[in-house]
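return a 3D structure for these sequence lines:
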Amino acid sequence: MSATDPPCQHAGVGSPGTLGDVIYRDTAKPPPSEAEWAGLVRAIVSGDQRALHALFERTHRLVFTLIIRMTSSRETAEELTLDVFHDVWRRAAAYDPSAGSVVGWIMNQARSRAIDRLRYDARKKRVPARPDEPLPSVGPHVAFDLKEQARLLGNALTVLTPEERQAIETAFFSELTYAEAAARLNQPLGTVKTRIRSGLGKLRQVLGG
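Presented below is the predicted three-dimensional model:
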């Protein structure tokens, strides 16, 4: 199962969503309200796989794009996107609306997964490779997909204010905690969090809404 297949498709709920379906679907439909997002999480807590399917279809492209931007690996992005939504299924009861939006909660999990994988890969690279070990090759179709994902996210980032974009890029794409990002930007932690939250809301409407 790839990251573009819903994790609960075995339940027979609708047809599998694809990256293309989400990119090219009707954008005239108004984005769901935060109350609707929270309702899906509550339904997941009660074991409703259809709610997980709905949440996946609305947000998986944004999760996938963030992870592929951070890791530069389509295979890793597909794997970690599934891991993120498995975490959503298991940890839905821990979601606290007062701590931020549902999309922000999901994106924080995606960011944490990506950072953990980058750190793990960095530790592996410290082990000397065998001289006769062949280097992995990247096919042209994979390279095209990576370039297309970067282009889509780059276009979406244009809806952000310069401050929101700077905060998101510093925190998400530089592998920093919010506190580290605030220190680098010389801004209060609360200000950075607010800019990231508002920026993610805009990205959700463009990419996932």
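
pLDDT-wise, which helix or strand of this protein ranks last?
helix 19-24 (a mean of 38; mean pLDDT, DSSP states H and E).

show residues contacting the following helix or strand past that helix.
Downstream of helix 19-24, the first helix or strand assigned by DSSP states H and E is helix 34-45. With contacts defined as CB atoms under 8 Å, 6 or more residues apart in numbering, helix 34-45 is touched by 50-52, 54-55, 88-89, 92-93, 95, 97, 101-103. Using the backbone N, CA and C atoms, a C-beta is placed for each residue, glycine as well.

how about helix 34-45: buried residues?
Under the neighbour-count criterion of 16 or more other CB atoms under 10 Å, helix 34-45 has 37, 40-41, 43-44 buried.

and if you look at stretch 75-92?
In stretch 75-92, counting by 16+ other CB under 10 Å, buried: 76-85, 87-89, 92.

now the residues you listed as a markdown table including distance to residue 179 and pLDDT?
Formatted as a markdown table, those follow (distance: CB to CB, whole Å; pLDDT from 0 to 100):
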| residue | distance to residue 179 | pLDDT |
| --- | --- | --- |
| 76 | 26 | 90 |
| 77 | 26 | 90 |
| 78 | 30 | 89 |
| 79 | 28 | 89 |
| 80 | 23 | 91 |
| 81 | 26 | 91 |
| 82 | 29 | 89 |
| 83 | 25 | 90 |
| 84 | 22 | 92 |
| 85 | 27 | 91 |
| 87 | 22 | 91 |
| 88 | 25 | 92 |
| 89 | 29 | 92 |
| 92 | 26 | 92 |
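
can I get the residues you listed in CSV with secondary structure and distance to residue 161?
Listed next are these as CSV, based on DSSP: H, G, I helix; E, B strand; the rest coil; distance: CB to CB, whole Å:
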residue, secondary structure, distance to residue 161
76, helix, 30
77, helix, 27
78, helix, 31
79, helix, 33
80, helix, 28
81, helix, 27
82, helix, 32
83, helix, 31
84, helix, 27
85, helix, 30
87, helix, 30
88, helix, 29
89, helix, 34
92, helix, 31
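
so which of these is the closest to residue 187?
Closest approach to residue 187 among the buried residues of stretch 75-92 (CB to CB): residue 84, at 27.5 Å.

against residue 195, how distant is the closest one?
Distance, residue 84 to residue 195, by CB to CB, to the nearest Å: 23 Å.

what's the answer for residue 37, then?
From residue 37 over to residue 195 (counting by CB to CB), the distance is 20 Å.

dump the residue contacts of residue 179.
Each residue near residue 179 by CB under 8 Å, 6+ apart is listed here: residue 189.

tell me which residues in the helix or strand that contains it are buried?
For residue 179, the element it lies in under DSSP H and E is helix 178-185. Using 16+ other CB under 10 Å as the burial criterion, the residues of helix 178-185 that qualify are 178, 181-182, 185.

out of those residues, who's nearest residue 125?
residue 181 (24.8 Å).
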